[in-house]
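>>> Build me a structure from this.
(one chain, ligands or ions: 1)
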Amino acid sequence: MTPFAKSTLAACALAGLAAAASAGTVEEGAKAYQEICAPCHSTDMRPLDGLHLSRSQWQEQIDRMSGFGADIPSGKVPALLDYLVATHGPAGNGQGGKQTK
Ligand code: HEC
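Sure, this is the predicted structure:
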């Protein structure tokens with residue numbers, strides 16, 4: 001599914017997150033976040049940086065977002081959760097990830 005060169009590049013960029021979940025799914029989740037969440041959640045608009053939620057809490061928020069009009073393909077949810085927990089997990093690791101600075 002992911003072209004070799006592209007996934008290698010992104011795997012390097014996300015090396016710090018790779019310990020929490022496999023690099024492939026975190027990378028996929030980061031992309032899904034950009035496509036699905038970033039239009040409504042950016043640095044200026046409703047930033048999520050300060051949030052540190054567990055996987056089930058993120059799941060609840062994702063469900064809630066559908067109610068706000070977010071179009072979230074269910075196939076992308078597991079990768080999204082991997083990414084969100086890796087960057088915005090309960091322990092506060094990752095300091096909010098890199099996508100929203
Ligand atoms: C259509 C716009 C839209 C999209 C797309 C969207 N959201 Fe939201 N989100 C909102 C709005 C509006 C709020 C604020 C309302 C509220 O919290 O009750 C919000 C609030 C949140 C909150 C609560 C913030 C807080 O400080 O408590 C979380 C967490 C969240 N969104 C996560 C996500 C994630 C993860 C995605 C991608 C899967 C996403 N959102 C996609 C509109 C959106």
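>>> wait, does whichever strand or helix holds Gly24 make contact with the ligand?
Using DSSP states H and E, Gly24 maps to helix 23-32. No - if you take C-beta under 6 Å from any ligand atom as the test, helix 23-32 misses the ligand, and the best it gets is 7.3 Å. C-beta coordinates here come from the backbone N, C-alpha and C atoms, glycine included.
>>> in that helix, what's buried?
For helix 23-32, a neighbour-count test (16 or more other C-beta atoms under 10 Å) marks 23-32 as buried.
>>> Residues of this protein that sit close to the ligand?
For the chain, the residues found near the ligand under the criterion C-beta under 6 Å from any ligand atom are 36-37, 39-41, 46, 48, 51, 61-62, 65, 68-70, 72, 80, 84.
>>> sorry, back to before: where's the dip in pLDDT among the buried residues of helix 23-32?
For the buried residues of helix 23-32, the minimum pLDDT belongs to Ala23; the value there is 76.
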